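**Q** here is a sequence together with a model predicted from it:
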Amino acid sequence: MMEAVIFIGIQGSGKSSFFKERFFDTHVRINLDMLRTRHREAVLVEACLRAKQPFVVDNTNPTLDDRKRYIDLAKAAGSRIVGYYFQSKVDECKKRNQERPRRKAVPLPGLLATYSRLELPKLAEGFDALCYVSIGPDGAFVIQEWTDEVR
């Protein structure tokens, strides 16, 4: 079955690094920073769905409405939808963001604005599976099954 993966989390929470580690060899990466426009993004999502090509939406997707656009399309195409919520502790994300090369760093007001809009995901949004991702003390990703209790 085709798989659509949706990442959720503020800038600096580890989404792109997680993609490289876990999905680089198997899924197309759909990312607005690369594609620059919603039109290009929509064309690539549609192409993946038509070709039954697994993909990852590597954007912040902070709100229910942000995620719904992908969930509705993927459900209509018969895809399995997996969400990954990345622990979004502001101080830790700010620190990781500051460690990025200057041209890739997100201005602090942008990071804080995303955090202020962040809505925790729920399975009821249409996910077939939902996972919680944090970064352990050793820097490795820790993946847990999501429960709809407050994180």
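**A** Looks like it arrived, so ask away.
**Q** so the closest residue to G110 other than its chain neighbours, which of the three states?
**A** Across the structure, with Cβ to Cβ, 6 or more residues apart in numbering as the measure, the residue nearest G110 apart from its sequence neighbours is Q11 (7.0 Å). All C-beta spots, glycine's among them, are computed from the backbone N, C-alpha and C. Under DSSP: H, G, I helix; E, B strand; the rest coil, the three-state class of Q11 is coil.
**Q** show me what counts as buried in stretch 78-94.
**A** 79, 81-88, 93-94 (16 or more other Cβ atoms under 10 Å).
**Q** can you check stretch 22-34 too?
**A** Buried residues in stretch 22-34, counting neighbours by 16+ other Cβ under 10 Å, are found at 22-23, 27-31.
**Q** so where does Q144 fall, helix or strand?
**A** With elements taken from DSSP states H and E, the one containing Q144 is strand 141-145.
**Q** including distance to A105, could the buried residues of stretch 78-94 go into TSV?
**A** Output for the buried residues of stretch 78-94, formatted as TSV (distance: Cβ to Cβ, whole Å):
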residue	distance to A105
S79	33
I81	31
V82	29
G83	26
Y84	23
Y85	23
F86	18
Q87	20
S88	17
C93	12
K94	10
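**Q** show me where pLDDT drops low in the chain?
**A** Within the chain, the segments meeting pLDDT under 70 span 148-151.
**Q** which residue ranges form the helices in it?
**A** Remark: helices of the chain, listed N- to C-terminal, are 15-22, 32-35, 38-51, 64-76, 90-98, 108-117; assignment by DSSP state H.
**Q** Y132: which of the ones you listed is closest?
**A** With Cβ to Cβ, the closest approach to Y132 among the helices of the chain belongs to helix 15-22: 12.1 Å.
**Q** packing partners of the closest one?
**A** strand 3-8, strand 80-86, strand 141-145 (3 or more Cβ pairs under 8 Å, 6 or more residues apart in numbering; DSSP states H and E).
**Q** next, format these as a markdown table and append distance to L108.
**A** Conversion of the helices and strands packed on helix 15-22 to a markdown table gives the following (distance: least, Cβ to Cβ, whole Å):
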| stretch | distance to L108 |
| --- | --- |
| strand 3-8 | 20 |
| strand 80-86 | 18 |
| strand 141-145 | 25 |
